[in-house]
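Q: The sequence and its predicted three-dimensional model are supplied below.
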Amino acid sequence: MLFNTIEYIFLFLPIAVLGYFLLNHQHLVLAAKWWLVGSSIIFYAWWNLNNLPILLVSMLANWAIINAIWRANERSDPSAKKLFIAGLLFNLLYLGCFKYYDAIAISINHFWGFTLPVLNIALPLGISFFTLTQTAYLVDAREKLVSRQKFQDYALFVLFFPHLIIGPIYHHMEMMPQFEKLRTKVFSLENLATGMFLFGIGFAKKALIADQLAPYVSYCFDEATTLGMIEAWQAALAFTCQLYFDFSGYMDMALGSALMLNIRMPQNFNSPLRAKSIIEFWSRWHMTLTNFLTTYIYTPILYALKPVTFSKSLIAVFTTFLIAGIWHGAAWTFIIFGTLHGTALTLNHFWRHKHWPMPSILGWTFTFIFLCVSLLFFRANNLHDAGKILSSIAGLNGIEAQSKWQSIPEIADYSISLAGTGLDLKVFFLITLSIFIILTFNNSGELTAKLKKYLNKTDNYKK
């Protein structure tokens, strides 16, 4: 089930919220937790019932290993380390089987002439996020940062439907104490209003901007055989805006849904496209993933390179983002994406280390252009498609329009021809509007904070 569907907005979410608070109102606290667990299972299975066993096997296997680690820790048994390694390997292999096996098998068959079977397994929804969430919990259990919990609490931590599919990637200390507080069990009109407001912002981002740009982006990347330079830049800008408003919009809907249940999930976006450097960008974009990468990948790599030096820290940065690229998908395009961002971050840190100046406007321009170009690899289905866009951006196919986008009847009414460039009026307007909103409007977190301040002031005035 997706947040922007009629079933979710008018059926699932109201029932989930109402049932949770009714059960808590009757002091059925345990039943209320199981209500959210059951609701989350329905939410996940709605899209494809076949994915549900994959999620449940992952959760139950991790729960068994985590319990064994807790018991070993209580006895100061050294086997806790072996159990942790076993759990880590299980998660890596489990994710790798679904996400990377086919790509690896195809590559081996192609380059070495083997005949490994290609399973053509559809990637289970949200597997990367619920695997990362459980891996972080596994690490914390090994380090004794989380004490023994009951199964329903762990199940709720893993399955909580607002974060299940696309994040944010949260920490158990950020979430589980909230479910134990009395005030989160009592219905809050303020949180309901704020959550609905945040959900509405996210829905508008996705429906009015991201979904409107999607057809043009899909055509340019997936169907057009060649593009003119202006068409290619328009496609690159359109995808950057589409990705931002789609991802941040979906995240707003997730945070809004959780807030209706009195649960505050961590912020994941903070106006990242205003960043004046790639370092600043990653401190604002998908912030919970950046925190995860820093805590669980970058830091262990850095410690493994002792004694720590600036040069070794740059190696750790590059390696971390190469791994992040691979985590996003089993394709050379994602490896190149991770390599580009690892290289850019390394250069950015070196620039700062030398204390070389960078005017703000130049910093933003370089960062924004780099993002638009590097995201081509994130969106392209393969290297050929990425090369098609890149060569067109560089002007190798000329400035004039090359695609047949304007010949599509339902598109032609929106298109204008500027010296044959193929500039599309609707897409151009949406890109301009998107960048204007990004650079001048308060982000959803700031707008939500203003609304809460207004509601509190109004409430105090009534009193």
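A: That came through, no problem. Residues are numbered from 1 along each chain as shown.
Q: how far is the helix or strand where residue 68 lies from where the chain is centred?
A: Element membership for residue 68 (DSSP states H and E) is helix 52-74. Here the centre of mass of C-alpha atoms in helix 52-74, compared against the chain's by Cα atoms, centre = their mean, to the nearest Å, lies 25 Å away.
Q: Pull out the buried positions in that helix.
A: Of the residues in helix 52-74, those scored as buried under the neighbour-count criterion (16 or more other Cβ atoms under 10 Å) are 52, 54-56, 58-59, 61-63, 65-70, 72-73. C-beta: built from backbone N, CA, C; applies to glycine.
Q: Next: stretch 327-343.
A: With burial defined by 16+ other Cβ under 10 Å, the residues of stretch 327-343 counted as buried are 327-343.
Q: Check stretch 279-299 too.
A: Buried residues in stretch 279-299, counted by 16+ other Cβ under 10 Å: 279-282, 284-293, 297-298.
Q: can you pull the contacts of the most centrally placed residue in the chain?
A: In the chain, the C-alpha nearest the mean C-alpha coordinate belongs to residue 166, at 5.3 Å (Cα atoms, centre = their mean). The neighbourhood of residue 166, defined by Cβ atoms under 8 Å, 6 or more residues apart in numbering, consists of 126, 129, 247, 250, 251, 254.
Q: how about a cut-off of 6 Å?
A: By Cβ atoms under 6 Å, 6 or more residues apart in numbering, the contact list for residue 166 reads residue 250.
Q: On the three-state scheme, residue 396 is what?
A: On the three-state scheme (DSSP: H, G, I helix; E, B strand; the rest coil), residue 396 is labelled coil.
Q: What values do phi and psi take at it?
A: phi -70, psi -20 (degrees, to the nearest 10).
Q: repeat for residue 424
A: Residue torsions, per degrees, to the nearest 10, at residue 424 are phi -100, psi 120.
Q: Could you measure from it over to residue 309?
A: In this structure, residue 424 lies at 51 Å from residue 309, with Cβ to Cβ, to the nearest Å as the measure.
Q: State the pLDDT value of residue 409.
A: As predicted, residue 409 sits at a pLDDT of 50.
Q: same deal with the one 10 residues further on?
A: According to the predicted model, the pLDDT of residue 419 comes to 45.
Q: What of residue 72?
A: What the model reports for residue 72 is a pLDDT of 92.
Q: Over to residue 414?
A: With respect to pLDDT, residue 414 has a value of 48.
Q: Leaving out the residues flanking it, which one is nearest to residue 3?
A: Taking Cβ to Cβ, 6 or more residues apart in numbering, and ignoring the residues beside it in sequence, residue 3 has residue 253 as its nearest neighbour in space, at 4.0 Å.
Q: What strand or helix carries the one you found?
A: Using DSSP H and E, the element containing residue 253 is helix 229-260.
Q: Give me the mean pLDDT for the following helix or strand past that helix.
A: Tracing the chain past helix 229-260, the next element assigned as helix or strand by DSSP H and E is helix 278-284. Here the mean pLDDT over helix 278-284 is 96, rounded to a whole number.
Q: C-alpha coordinates for whichever helix or strand comes after helix 278-284, PDB please?
A: The C-terminal neighbour of helix 278-284 among helices and strands, as given by DSSP H and E, is helix 287-293. Presented in PDB, the C-alpha positions along helix 287-293 are these (Å, rounded to 0.1, in the frame of the first residue of the first chain):
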ATOM      1  CA  MET A 287      19.700  12.600   6.900                       C
ATOM      2  CA  THR A 288      18.900   9.300   8.600                       C
ATOM      3  CA  LEU A 289      20.800   7.400   5.900                       C
ATOM      4  CA  THR A 290      23.800   9.700   6.300                       C
ATOM      5  CA  ASN A 291      23.700   9.100  10.000                       C
ATOM      6  CA  PHE A 292      23.500   5.400   9.500                       C
ATOM      7  CA  LEU A 293      26.500   5.500   7.000                       C
END
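Q: Same question for the helix or strand hosting residue 362: list its buried residues.
A: When elements are assigned from DSSP H and E, residue 362 belongs to helix 360-379. Applying a neighbour-count criterion of 16+ other Cβ under 10 Å, one finds 363-364, 366-368, 370-379 buried in helix 360-379.
Q: Out of the residues you listed, which comes closest to residue 145?
A: Proximity to residue 145 was ranked across those by Cβ to Cβ; first place goes to residue 378, at 33.0 Å.
Q: quick one: contacts for the closest one?
A: With Cβ under 6 Å, 6+ apart as the criterion, the residues that contact residue 378 are residue 337.
Q: next one: phi and psi at the residue nearest to the centre of the chain?
A: Dihedral pair for residue 166: phi -140, psi 10, per degrees, to the nearest 10.
Q: mind exporting the helix or strand encompassing residue 453 as CSV, just the C-alpha atoms?
A: Assigned by DSSP H and E, residue 453 belongs to helix 444-462. Listed in CSV are the C-alpha atoms of helix 444-462, where the atom choice follows Å, rounded to 0.1, in the frame of the first residue of the first chain:
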residue,chain,number,x,y,z
SER,A,444,7.9,21.2,5.5
GLY,A,445,9.6,21.0,8.9
GLU,A,446,9.7,24.7,9.2
LEU,A,447,6.0,25.1,8.1
THR,A,448,5.0,22.4,10.6
ALA,A,449,6.8,24.1,13.4
LYS,A,450,5.0,27.4,12.6
LEU,A,451,1.7,25.6,12.6
LYS,A,452,2.4,24.1,16.0
LYS,A,453,3.4,27.5,17.4
TYR,A,454,0.2,29.0,16.1
LEU,A,455,-1.9,26.2,17.5
ASN,A,456,-0.3,26.5,20.9
LYS,A,457,-0.8,30.3,20.9
THR,A,458,-4.5,29.8,20.0
ASP,A,459,-4.9,27.2,22.7
ASN,A,460,-3.3,29.5,25.3
TYR,A,461,-5.5,32.4,24.2
LYS,A,462,-8.7,30.3,24.6
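Q: Tell me the buried residues in that helix?
A: Within helix 444-462, the residues that qualify as buried are 444, 445, 448, 455, counting by 16+ other Cβ under 10 Å.
Q: Next one: the residue nearest to the second one when sequence neighbours are not counted from residue 113, what distance?
A: To tie it back to what came earlier, the one meant is residue 445. Distances taken as Cβ to Cβ, 6+ apart put residue 267 closest to residue 445, at 5.4 Å, once the chain neighbours are dropped. To residue 113, residue 267 is 50 Å away according to Cβ to Cβ.
Q: Burial check on residue 143, number of neighbours?
A: Counted with other Cβ atoms under 10 Å, residues neighbouring residue 143 total 11.
Q: check contacts around it.
A: For residue 143, the set of contacting residues under the criterion of Cβ under 6 Å, 6+ apart is empty.
Q: related to what we said a few turns ago, what angle do the helix holding residue 253 and helix 360-379 make?
A: When axes from the mean of the first three to the mean of the last three Cα atoms, to 10 degrees is applied, the directions of helix 229-260 and helix 360-379 differ by 90 degrees.
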